[in-house]
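Colleague: give me a 3D structure for the following:
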Amino acid sequence: MKIVDITCSPGKTGFFFDDQRAIKKHAVSDGSTYIGEPLTEGFTAIRQAGESISVLILLEDGQIAYGDCAAVQYSGAGGRDPLFLASDYIPIIEQYIKPQLIGQEILTFRPLAEQIDRYIRPDTNKPLHTAIRYGVTQALLDATAKANHTLMADIVAKEYGTQVSDEAIPIFMQSGDDRYNNVDKMILKGADVLPHGLINHVPTKLGYEGEKLLEYIRWLKQRIESKRFDGNYAPAIHLDVYGTIGIIFNQDTDKMVEYLRKCAEAASPFELRIEGPMDVEERQAQMLALKEITQRLDEANIPVIIVADEWCNTLDDIKYFADNKAGHMIQIKTPDLGGINNTIEAVLYCRDKGVMAYQGGTCNETDRSSQVCVHCAMATHPCQILAKPGMGVDEGYMIVYNEMQRIKAIHQMRRRTY
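Modeller: The predicted model follows:
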């Protein structure tokens with residue numbers, strides 16, 4: 001089956017691009033916007049509408065496969081690629097990707113995905129933007145599945161030597177700034193992991209002594225226990241603090257460990273996961289800081305799962321953090337890795353190293369990228385997958401949950417039929 005044509009369409013994502021540096025430094029929330037000057041290159045405002053690009057592949061039998069190029073909410077932060085605007089990057093796809101793929105046979109996924117992911121632009125001598133590699137490889141996976149008349153999950157399992165899961169992958173819901181009302185939605189829908197919390201501002205969300213976050217954790221525990229329909233329902237509490245714990249304790253590990261002990265006590269009996277406790281703004285230093293706090297918590301038998309995120313962006317980064325046990329869990333932030341072939345390899349690598357693999361991503365993706373990610377997860381078995389896109393809870397959860405259930409149902413139907 002050959003690729004006969006490729007075209008692109010501009011799209012919108014499920015959330016926004018936010019200038020993380022400006023939010024941490026001086027931004028003032030104003031409804032759904034922020035007041036202040038942007039600090040990250042490429043931003044014209046602290047918050048901008050999220051954009052995507054759909055890459056559509058026409059196969060010689062008339063089938064059309066597609067994937068969506070998308071970048072994370074905090075583009076340009078933590079060593080990531082710059083702001084991704086459709087008008088800037090559609091011409092890049094047309095100029096450099098289209099000639100690479102038209103006329104290619106699409107019997108297997110991995111070789112073409114790796115070709116695109118490793119492609120070096122001759123005009124810049126640099127790889128393509130991660131968002132382009134992300135969306136084009138999604139389209140290639142879909143094209144391979146259509147050429148073979150099967151599911152994308154089946155292609156991943158076949159080419160990477162795995163089995164498509166018969167069980168659902170635990171889904172992690174994120175609340176956005178509405179961290180109280182959205183928790184009720186999560187409990188009602190039986191979220192496996194909740195609520196993310198978006199703890200990205202010391203004065204209003206963490207507190208200068210961490211008191212606001214402790215109060216929120218106590219509220220979470222009480223809310224789960226009072227609103228759950230089943231007494232056995234025990235979701236993990238996963239909070240992303242965006243390095244703010246390190247900020248209030250001036251990166252003092254002793255003080256951070258003691259604070260996390262208090263957090264674990266407040267969350268008990270629910271498992272507590274803390275993502276990004278500090279951000280020291282450099283890759284090696286971040287790895288060493290996470291490695292130390294992970295070891296210290298283990299030695300003290302403090303039941304907190306540390307999750308690596310910032311400065312752990314690429315497949316090489318993930319291997320580096322996993323090899324050094326820099327965190328109990330690593331977020332595989334799917335758009336940051338470029339080609340989804342790297343997401344697949346990252347999950348498998350973490351599992352091989354005994355590190356929990358969290359197949360994440362961003363609220364700033366699309367329905368299509370989320371669906372493709374579900375297929376990758378069902379074939380690689382991460383410990384959890386992010387409900388995405390958006391911050392409204394219901395929509396992202398619906399997309400991820402429903403695609404997962406379709407995959408399970410199709411496999412059950414095949415077993416009955418064949």
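
Colleague: can you check the pLDDT for the residue nearest to the spatial centre of the chain?
Modeller: Residue closest to the average C-alpha location in the chain (Cα atoms, centre = their mean): residue 361, at 1.6 Å. We note a pLDDT of 94 for residue 361 in this prediction.

Colleague: next: the one 3 residues further on.
Modeller: The predicted structure scores residue 364 at 95 on the pLDDT scale.

Colleague: right, and it touches residue 73 too?
Modeller: Yes - taking Cβ atoms under 8 Å as the definition, residue 364 is a contact partner of residue 73 at 4.3 Å. No exception for glycine: its C-beta is placed from N, CA and C like everyone else's.

Colleague: out of these two, which sits in the busier spot?
Modeller: residue 364 (28 against 23; other Cβ atoms under 10 Å).

Colleague: surely the more buried one is within a helix?
Modeller: No - membership of residue 364 in a helix is not supported by DSSP: H, G, I helix; E, B strand; the rest coil, which gives coil.

Colleague: separation between it and residue 174?
Modeller: Between residue 364 and residue 174 the computed distance is 11 Å (Cβ to Cβ, to the nearest Å).

Colleague: related to what we said a few turns ago, which residues are in contact with the residue nearest to the centre of the chain?
Modeller: Listed by Cβ atoms under 8 Å, 6 or more residues apart in numbering, the contact partners of residue 361 are 72, 333-335, 369-370, 373, 386, 388.

Colleague: please name the bridge partners of residue 6.
Modeller: residue 57 (DSSP bridges).

Colleague: now it: how far from residue 93?
Modeller: Computed as Cβ to Cβ, the residue 6 to residue 93 distance reads 8 Å.

Colleague: which non-adjacent residue is nearest residue 104?
Modeller: residue 3 (5.2 Å; Cβ to Cβ, 6 or more residues apart in numbering).

Colleague: can I see the domain layout of this structure?
Modeller: The record's domain parsing of the chain by automatic domain parsing lists 3-151, 171-417.

Colleague: for residue 161, find the nearest of these.
Modeller: Closest to residue 161 of these, according to Cβ to Cβ: domain 171-417, at 8.9 Å.

Colleague: list the buried ones in the strand or helix carrying residue 98?
Modeller: If you go by DSSP states H and E, residue 98 is part of helix 98-101. For helix 98-101, a neighbour-count test (16 or more other Cβ atoms under 10 Å) marks 98, 101 as buried.

Colleague: just checking, next helix/strand downstream of that helix?
Modeller: That would be, after helix 98-101 and using DSSP H and E, helix 110-117.

Colleague: packing partners of that next one?
Modeller: Packing partners of helix 110-117 (3 or more Cβ pairs under 8 Å, 6 or more residues apart in numbering; DSSP states H and E): helix 98-101, helix 130-147, helix 340-353.

Colleague: at 10 Å what do you get?
Modeller: In terms of contacts (3 or more Cβ pairs under 10 Å, 6 or more residues apart in numbering; DSSP states H and E), helix 110-117 is packed against helix 98-101, helix 130-147, helix 152-160, helix 340-353.

Colleague: make TSV out of the ones you listed and add mean pLDDT.
Modeller: Below are the helices and strands packed on helix 110-117 laid out as TSV (pLDDT from 0 to 100):
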stretch	mean pLDDT
helix 98-101	95
helix 130-147	98
helix 152-160	98
helix 340-353	98
